[in-house]
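S.K.: Output the structure for:
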Amino acid sequence: MSIKSISAVALLISLTGMTARADDKDSKHEHSAELSQAVCVLLPTMGNKVRGRIAFSETKDGTTRVRGRVTHLTPGLHGFHIHQYGDLTDRTGKSAGGHFNPEGHDHGGPDAEKRHAGDLGNIEANADGVAQVDISVKGLKVHFVLGRSIVVHGGKDDLKSQPSGDAGPRVAVGVIGIQQPAAAK
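M.R.: Down below sits the predicted model:
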């Protein structure tokens, strides 16, 4: 192996955090803690004002809690889904792709036996346009949704229309990322 190859490997190891010194607490790689907490900052799509913050927290019993707050919605129900891609290049949110659906199931409600993994149902905005989100999802692993997106739709998800519940336009979208451990409160 050449000196350049060894240097490249050393650089790769240092950048990926594959090793950690015992005395360097900041470089300690804690996969279980890092990959069980995620956050998504929702930004409005073109022509909308919807914003929010959603946190994902995986529990020991295999349930993931999805909690947060979404503002500037019209009062009522709004489709709320995990979408395939964390691509925000299209200002209407369409580059986020369809619902996250690794098993190829039909669209359904969050309690349906067979549904898209990203089918989280609806969130409800009050008269002030604010939705408090608190959803528990069995079997959803945080590490499978990192880099994907959350999309909030302008209308109600009917939980049955194919392929995505006829929930209307995408009014907010954000990428799901690893949450800084100190911020997970």
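
S.K.: does the residue lying closest to Gln132 once chain neighbours are set aside sit in a helix, a strand or a coil?
M.R.: In space, Gln132 comes closest to Arg69 once its chain neighbours are excluded; the distance is 5.9 Å by Cβ to Cβ, 6 or more residues apart in numbering. For every residue, glycine as well, the C-beta is placed using N, CA and C. Assigned by DSSP: H, G, I helix; E, B strand; the rest coil, the conformation of Arg69 is strand.

S.K.: list the contacts for Arg69?
M.R.: The contact partners of Arg69, by Cβ atoms under 8 Å, 6 or more residues apart in numbering, come to 52-53, 130-133.

S.K.: Now, those that are in strands?
M.R.: 52-53, 131-133 (DSSP state E).

S.K.: and which of the residues you listed is nearest to Arg170?
M.R.: Checking the ones in strands among the contacts of Arg69 against Arg170 by Cβ to Cβ gives Gly52 as the nearest, at 13.3 Å.

S.K.: Taking the contacts of Arg69, please make a ChimeraX selection of just the buried ones.
M.R.: Applying 16 or more other Cβ atoms under 10 Å to the contacts of Arg69, the buried members can be selected in ChimeraX as follows:
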select :52,131,133
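
S.K.: of all the contacts of Arg69, which comes closest to Leu140?
M.R.: Nearest to Leu140 among those, with distances taken as Cβ to Cβ, is Val133, at 14.3 Å.
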